[in-house]
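Novice: Next come a sequence and a model predicted from it.
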Amino acid sequence: MKVIRKVELKPGSYEEELPGISAEFPYIASYVELDKCAGRQSPWHWHKEVELFYMEQGSLEYDTPQGRTVFTAGSGGFVNSNVLHMSRARDGAEVATLLHIFNPLLISGQSGSIIDRKYVSPLVTLSQIEIIGLYPDQPAHGPVLEALRRSFQISEDEYGYEIRLRAALSEIWCSLLSLAGTMEKSTRYSSRSSQKIKIMMAFIHKHCGDKLSVKEIAASAFISERECFRVFKDCLNMTPVEYVTSYRLQRACWMLAEGNEPITGICQACGLGSSSYFGKVFRSCMGCSPKEYRLKWRNSNIR
């Protein structure tokens with residue numbers, strides 16, 4: 001099981017890089033210690049693979065364009081294919097999450113098969129279902145959570161591991177499909193908005209260190225400034241400027257935690273202006289100065 005303390009993104013996009021996943025067996029298992037990530041959060045990202053997770057410890061928030069969902073120890077959830085999402089640790093406590101990340105073809109076998117048509121595509125293509133929460137106080141969720149918890153106990157060293165894992169995930173998938181049929185479908189934003197926001201986020205990612213205007217951000221997706229504001233509000237519940245600042249600060253956290261570049265250089269690389277302005281904005285967001293943050297990170301045992 002791969003231990004994750006940082007989400008890696010593919011160059012020029014917000015699609016997550018998933019090292020170790022292969023066409024032969026499109027699956028990876030991860031143990032995420034989110035409280036030990038820079039900023040105690042993952043950035044906004046997506047992947048074509050679906051995500052099944054179980055909260056082993058602590059509390060975290062998952063944000064998607066449809067809103068925020070909170071998960072505590074003993075709960076779990078499902079993030080659908082190509083859904084924009086981010087997560088952050090809550091309450092200052094340690095957070096540990098077990099993750100199955102896999103291509104739905106692992107269950108269907110191949111696109112267009114009877115399993116794909118009847119069970120897999122109906123959930124993956126349901127764009128209104130971004131995330132499904134599983135909670136121990138919900139009677140209908142109990143058996144699914146128990147099956148999810150047990151699925152992480154299947155050892156790679158056991159004979160028949162791949163078949164046993166696929167069977168376990170298939171069982172959970174059927175339960176999720178049933179739950180999805182009872183959920184209220186959100187129509188707050190369209191798949192077109194989702195594509196536009198991904199394009200604009202990739203543009204911001206690439207030009208983070210430059211001066212950026214809303215006009216330039218909107219132009220990257222061939223939409224008006226007014227439409228740009230609407231898409232950001234609908235998908236991320238923030239303005240384009242708020243998102244730019246948020247991403248710059250998160251990138252600064254990564255650079256402070258993992259590199260040796262002077263703080264003045266980080267200011268310039270992240271487009272955060274002078275050292276004094278950077279310090280003021282950083283303290284407001286993180287509760288400490290950039291220097292204090294770097295020292296705290298370096299003196300911790302999280303690496």
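Specialist: Yes, it's here.

Novice: neighbours around residue 245, how many?
Specialist: Residues near residue 245, counting by other Cβ atoms under 10 Å, number 17. For every residue, glycine as well, the C-beta is placed using N, CA and C.

Novice: Over to residue 235?
Specialist: Residue 235: 24 neighbours (other Cβ under 10 Å).

Novice: what kind of secondary structure is it in?
Specialist: When classified by DSSP: H, G, I helix; E, B strand; the rest coil, residue 235 comes out as helix.

Novice: show me what contacts it?
Specialist: Neighbouring residues of residue 235 by Cβ atoms under 8 Å, 6 or more residues apart in numbering: 65, 84, 189, 193-194, 197.

Novice: ditto for residue 95
Specialist: If you count contacts by Cβ under 8 Å, 6+ apart, residue 95 has them with 32-35, 40, 55, 57-60, 89.

Novice: what do you get for residue 141?
Specialist: 134-135, 179.

Novice: Which ones among those lie within helices?
Specialist: Counting by DSSP state H, those place residue 179 in helices.

Novice: who wins for most neighbours among the contacts of residue 141?
Specialist: Ranking these using other Cβ under 10 Å puts residue 134 first, with 25 neighbours.

Novice: who's that residue bridged to?
Specialist: residue 76 (DSSP bridges).

Novice: Could you double-check that it lies in contact with residue 79?
Specialist: No. The pair residue 134 / residue 79 is not scored as a contact, 11.9 Å apart, by Cβ atoms under 8 Å.

Novice: if we can go back for a sec, restricted to buried residues, select the contacts of residue 95 in PyMOL.
Specialist: Burial among these is assessed by 16 or more other Cβ atoms under 10 Å; the matching PyMOL selection reads:
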select buried, resi 32+33+34+35+40+55+58+59+60+89
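
Novice: Helices along the stretch 151-300 of the chain, start to end?
Specialist: 161-180, 191-206, 214-220, 225-236, 240-258, 263-269, 275-286, 290-298 (DSSP state H, counting those that start in this stretch).

Novice: Nice, that's everything, thank you.
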